[in-house]
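Asker: Based on what follows, work out the 3D shape:
(4 chains)
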4 protein chains.
Amino acid sequence: MQLKIGIIGLGRIGRIHYNHIRQQLPEAEIVMVSDVNKNELPSDVQQGEVDELIGHPAIDAVVICSPTDTHAQYVEQCARAGKHVFCEKPLDLSLARIRETLRVVHRHNIQLMLGFNRRFDANFMKLKALVDAGKIGDVQLVKITSRDPAPPSVDYLMRSGGLFLDMTIHDFDMARYVMGKEVKEVYATASVLTGGAVAEAGDIDTAVVTLKFEDDSIAVIDNSRKAVYGYDQRVEVFGSKGMANVENNKPDSHVYYHEDGVESALPLHFFMERYTGSYLTEMRAFIQAVQAKQRVPVGGTDGLKAAMIAVAAQRSFSENVPVRVEAVAS
Amino acid sequence: MQLKIGIIGLGRIGRIHYNHIRQQLPEAEIVMVSDVNKNELPSDVQQGEVDELIGHPAIDAVVICSPTDTHAQYVEQCARAGKHVFCEKPLDLSLARIRETLRVVHRHNIQLMLGFNRRFDANFMKLKALVDAGKIGDVQLVKITSRDPAPPSVDYLMRSGGLFLDMTIHDFDMARYVMGKEVKEVYATASVLTGGAVAEAGDIDTAVVTLKFEDDSIAVIDNSRKAVYGYDQRVEVFGSKGMANVENNKPDSHVYYHEDGVESALPLHFFMERYTGSYLTEMRAFIQAVQAKQRVPVGGTDGLKAAMIAVAAQRSFSENVPVRVEAVAS
Amino acid sequence: MQLKIGIIGLGRIGRIHYNHIRQQLPEAEIVMVSDVNKNELPSDVQQGEVDELIGHPAIDAVVICSPTDTHAQYVEQCARAGKHVFCEKPLDLSLARIRETLRVVHRHNIQLMLGFNRRFDANFMKLKALVDAGKIGDVQLVKITSRDPAPPSVDYLMRSGGLFLDMTIHDFDMARYVMGKEVKEVYATASVLTGGAVAEAGDIDTAVVTLKFEDDSIAVIDNSRKAVYGYDQRVEVFGSKGMANVENNKPDSHVYYHEDGVESALPLHFFMERYTGSYLTEMRAFIQAVQAKQRVPVGGTDGLKAAMIAVAAQRSFSENVPVRVEAVAS
Amino acid sequence: MQLKIGIIGLGRIGRIHYNHIRQQLPEAEIVMVSDVNKNELPSDVQQGEVDELIGHPAIDAVVICSPTDTHAQYVEQCARAGKHVFCEKPLDLSLARIRETLRVVHRHNIQLMLGFNRRFDANFMKLKALVDAGKIGDVQLVKITSRDPAPPSVDYLMRSGGLFLDMTIHDFDMARYVMGKEVKEVYATASVLTGGAVAEAGDIDTAVVTLKFEDDSIAVIDNSRKAVYGYDQRVEVFGSKGMANVENNKPDSHVYYHEDGVESALPLHFFMERYTGSYLTEMRAFIQAVQAKQRVPVGGTDGLKAAMIAVAAQRSFSENVPVRVEAVAS
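Answerer: Residues are numbered from 1 along each chain as shown, chains lettered A, B, ... in the order given. Purely as a prediction, here's the structure:
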């Protein structure tokens, strides 16, 4: 039986899921989509209002790709309607609101999967597999580099919740994922070094965040909003038995040697190119978990935990002290 | 307007084209497929006999993925029916038959594209682009490594036409493609070193073939039917202004350091994994060329030329002398 | 004219300098050496007490490789005797003592070079050259990985001054070197994760240190006393125009592909193998600067600055707050 | 006891050996050197005529680095004087003369080592070790790339014996070394593609040589006299259990990412930089073998065998047929 899906929001990321489901995931079918802008879509896909979609009797699961400030509300609405949900991160910029939503989700016993797509990237899955197979031994240090090719617009930045909640949140989740442990304390230092949109929006663009885990192991994340050479996404895991790291993906493997030097390809430019495969694997995992009535691989609690670390990082940065995650939990 | 396609042969490679067209090439539509075995296919795809398919009035182009010994006949039949053709390589094991078929193709003025898919691999396209942009200068030497993870069955080998016509033919085409010049002379040395199926079939499994081009530049190809570490597909281009080469593709970029050494991923295991992208790009190129009434990027003559080099290599190997390609042309 | 040199201390590092000067630096000559243990040395090298060596009229410069707690005293003695000095790091574990020594050095107007040998490693010199050539633009982030293959003995650790003064001090100097700017604030987090000698000595073995520079750019250092795969020494520089990094050096470049995976060589195991070249280049730079009466490339102030950062890191770690470097300056 | 050495010829390569022995090989001492040009040398090294040197009673071994056309004569003279010999390759350009010299060497029972220094390069030694350890299984294919950054002068080329005897001879030796087997047949194709000095000297500059070994395994060598990006020295070994290859050595490992691409270092420019270490290891091996009265690792027969392959390659190229090595042996 195909899983019947409705998609809310057909922006950049919504389109990716839409195409993946239609083209490469025959185990699911898109019954309805909803977007504030009407889209040119194949004739066999119905378009409707959000309420209509969530209430649609034929729909089993809803994929939410609308703006962040609608996430919590739509998730709750879906929960009440008994629909399983795949929701892009973050659930909300407010921890209180996230907790409230998770309570609704829990009460109605639906599955809620958060869109931390990087967990489904082949490189990072391999690192996780090495950790799980004991190849790294006790993990003592995780290093994450995450840099965007260019900052978003001032508008976007103003509503983003800031660097830690918008961008580093992926890295907080990655650190928890690879480590398989919980963070107890956060120290964040950050600067405004690229000027432009970030400065105008009053945000930061360059950050180093140190995470201390419950067993005293450490993770360190470095972020930049502007890496002129493109999207830089690397992770390294170090432990008592060894170390493993992954490099950026490139469009081809050529190396060109000439009189003045050696040249090779730049990394894939941004998340659309780099993470294409991970979006597909992620959606397949969601569909299969729902169909098999198994726990989705990234749950609402993972979203809450990452957001809590982000809020702790924010407070750490503004007060310039290390902040315990439990301090933002209350 | 979508290009209406019929597919003959739904084996391993036919399935790849089938899926690509249905899922990722909305510019085309599959009207009918034909295979000696009836297939489980979506209900909107008709299945029929070959004659029915080639004669189908709604079909613009035919994709031929049936066994090699049917290629020439089906291509001619398509030509007479005014259908454009995409045909897997080789057109035939006999040069005379290939020439005959090309005459029919020419007479009926259809487009014929040969399935030299490696031309559409991102790595090799990049090398070609560097050559075309003059970055290599005058190309003086091309080196091609092409090794399979394991030999095919004795049955397959017996009908394959031998290593040069079955396997090296891809490399002969690659040499012509990258060089952009014609081969004048061939020397092939080869051995039976892996035993097993190859020895039983009376074929060879290890070969080095040297090609001399019309301007005295050189290409050298090394083949093995059995590389225990997987599919090995590398090309290097050397010239007056520089050198460029490409490495094998890998499933991930991890490097794992432990007490006893450093480990990383094996190359993608075989052509299904390695060349997935090239099959899609190739089919898109065929469809677009036919729709735009432009010359297909790999024509019948390319098939003939590669086959002529293969036949020259065969003769060179059996007589242990260099053989001029024009000597097999007559 | 050859520079006449005396060497105090012929332990592991003293021997390296001894051999380099005798064998590969004909611009200098070793007149006398002094060590608590008498050594088997060529007959043309005199051995004597420290006082005799420092007072030797034919000696122009003294290379100090004795234990850390003798450095300050010997440097001052050399200064009073008008001898130029090359001294292994650190000058002393006490900032007050370092300052006092530097005053003596200054008063007697001798050259004092500190043994931050990594500045003379080919990889790091290349990074510095890229920064100096403006290729990185405004440097925004420096990342330094520095891990030892195994912790030293408990004895050594007890007298070492702790991780930050003994090991990370090299990385603090590297950060200043590559950045070309001064550090204003330090945050250090650290753990005891390897047990064994480090735990016994009451030291730490795993640390992440964040440095904030005067212009808000950031450096981050990660250390481990025990990387089972060997010596791990990498640096990355990121800025407005690009990024550059360097990998570990390896004994050979082989890659071995077999049925079960791909293997390559481990990094050079420890500093004796990895930094051989840097010790030679460093000593040549010292000799040439003294001979040319030019400023040595790494002066006493560099030693003081690195030590100040180390002391700030220590305080940051024990108080778990960021510490301003000027706070330890007074 | 130090081995007492005389050096004939203090050109580029003679100087390397001179410096290595004086500076880094305390197990030997240079007693006398001889060169047509008088050299500025340290006062403790005597200079004399060739006859005087070979006849010097204190000298145990002679290192011959004079022009090729003097090698055979000097080696024979040394043999008659009972001196062991290290001689740069080739022994002579004539096979008959080489055989004659080897007879003299054999009669007087001295050790003769040929300067095939590449056998002592860390990369190639690693490949050989993998082969010897059975990691490659039965070796089926060896690939050698050997390209110079620029052709030598017309003068040099005219007296060099041609590409195969001057340049490829190193690769013939490498193929025998790595394979551990003897070559039975050679096919060489070659061209003049770089113009300039090579064309003027009537030599060739671009060659691909295929070697068939006694057990039907194959080696293929590609040469160019002009690789604009520098010295290109790579070897690959392929067999029943796996494959191993080595990359060029580089001065540093930096990778620089900027807006327009990724850059890294060119290979070490020529043999002086690339093979420094191999020259030292080679000379140490010679000295130790002579001192221990053990067989030198590269003997006169190795020189003869490589030269025979070179002569076979020459004949193959000029007649454009494969040539059996035994055919040039008579």
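
Asker: who in the stretch 1-150 of chain A is up against chain B?
Answerer: Residues of the stretch 1-150 of chain A found near chain B, taking CB under 8 Å from any CB of the partner chain as the criterion, are A:23-24, A:122-123, A:125-127, A:130, A:135. In this view, the C-beta of every residue, glycine as well, is placed from N, C-alpha and C.

Asker: Buried ones among the residues you listed?
Answerer: A:122-123, A:125-127, A:130, A:135 (16 or more other CB atoms under 10 Å in any protein chain shown).

Asker: ok, the residues you listed vs D:Met243, which is closest?
Answerer: Nearest to D:Met243 out of these is A:Lys126 (CB to CB; 22.3 Å).

Asker: Tell me the secondary structure of that closest one, please.
Answerer: The three-state assignment at A:Lys126 reads helix, by DSSP: H, G, I helix; E, B strand; the rest coil.

Asker: Present the buried ones among the residues of the stretch 1-150 of chain A next to chain B as a markdown table; the columns should include pLDDT.
Answerer: Formatted as a markdown table, these follow (pLDDT from 0 to 100):
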| residue | pLDDT |
| --- | --- |
| A:Ala122 | 97 |
| A:Asn123 | 98 |
| A:Met125 | 98 |
| A:Lys126 | 98 |
| A:Leu127 | 98 |
| A:Leu130 | 98 |
| A:Lys135 | 98 |
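
Asker: which two from those end up farthest apart in space?
Answerer: Most distant of those, by CB to CB, are A:Ala122 and A:Lys135, 16.9 Å apart.

Asker: burial measure for A:Leu91, as a count.
Answerer: Using other CB atoms under 10 Å in any protein chain shown as the criterion, A:Leu91 is surrounded by 27 other residues.

Asker: Check the one 10 residues further on too.
Answerer: Applying other CB under 10 Å, we find 25 residues neighbouring A:Thr101.

Asker: Which residue ranges of the stretch 151-300 of chain A form helices?
Answerer: Shown for the stretch 151-300 of chain A, the helices assigned by DSSP state H, counting those that start in this stretch span residues A:154-159, A:163, A:169-179, A:196-201, A:271-274, A:276-291, A:300-319.

Asker: So is the third one next to chain B?
Answerer: Spelled out, it's helix A:169-179. No. Under the criterion of CB under 8 Å from any CB, chain B is not reached by helix A:169-179; the shortest gap measures 12.2 Å.

Asker: chain center to that helix: distance?
Answerer: 9 Å (CA atoms, centre = their mean, to the nearest Å).

Asker: The last one too?
Answerer: Centre-to-centre, helix A:300-319 and its host chain are 14 Å apart (CA atoms, centre = their mean).

Asker: and it, does that touch chain C?
Answerer: No. Judged by CB under 8 Å from any CB, helix A:300-319 stays clear of chain C, getting no closer than 9.8 Å.

Asker: ok and that helix relative to helix A:169-179, angle-wise?
Answerer: 120 degrees (axes from the mean of the first three to the mean of the last three CA atoms, to 10 degrees).

Asker: And the residue positioned nearest the centre of chain A, what's its pLDDT?
Answerer: Nearest to the mean C-alpha position of chain A, by CA atoms, centre = their mean, lies A:Phe116 at 3.1 Å. With respect to pLDDT, A:Phe116 scores 97.

Asker: ok now do A:Ala306, which residues does it touch?
Answerer: A:89-90, A:116, A:169, A:172-173, A:176 (CB atoms under 8 Å, 6 or more residues apart in numbering or on different chains).

Asker: Of the residues you listed - the most surrounded one?
Answerer: With neighbours set by other CB under 10 Å, the maximum within these is found at A:Phe172, which has 28 neighbours.

Asker: Relative to D:Ser191, how far out is the residue of chain A positioned farthest from its centre?
Answerer: Distance from the C-alpha centroid of chain A, by CA atoms, centre = their mean, peaks at A:Glu259 (43.1 Å). Distance of A:Glu259 to D:Ser191, computed by CB to CB, to the nearest Å: 21 Å.

Asker: Could you find the residue in the stretch 51-200 of chain A that comes nearest to chain D?
Answerer: For the stretch 51-200 of chain A, the residue closest to chain D is A:Pro149, as judged by CB to the nearest CB, at 9.6 Å.

Asker: Just give the number of residues close to that residue.
Answerer: Per other CB under 10 Å, the neighbour tally for A:Pro149 reads 19.

Asker: Now do the residue lying closest to it once chain neighbours are set aside, the pLDDT please.
Answerer: Of all residues not flanking A:Pro149 in the chain, A:Gly230 sits nearest, at 4.8 Å (CB to CB, 6 or more residues apart in numbering or on different chains). On the pLDDT scale, A:Gly230 is placed at 96.

Asker: tell me the phi and psi of A:Gly230?
Answerer: Torsion angles at A:Gly230 (phi, psi; degrees, to the nearest 10) stand at phi 120, psi -170.

Asker: Look at it and say how many residues are nearby.
Answerer: 23.

Asker: Where does the prediction get shaky in chain A?
Answerer: Scanning chain A for pLDDT under 70 picks out A:330.

Asker: Tell me how chain A divides into domains.
Answerer: Annotated domains of chain A cover A:3-110, A:119-278+A:305-328 [automatic domain parsing].

Asker: that older thread, please render the helices of the stretch 151-300 of chain A as TSV that adds distance to A:Pro57 to the earlier fields.
Answerer: Converted to TSV, the helices of the stretch 151-300 of chain A look like this (distance: least, CB to CB, whole Å):
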stretch	distance to A:Pro57
helix A:154-159	34
helix A:163	42
helix A:169-179	34
helix A:196-201	43
helix A:271-274	34
helix A:276-291	17
helix A:300-319	25
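
Asker: Which residue is the nearest non-sequential neighbour of the residue nearest to the centre of chain A?
Answerer: Per CB to CB, 6+ apart, closest to A:Phe116 is A:Asp173, 4.5 Å.
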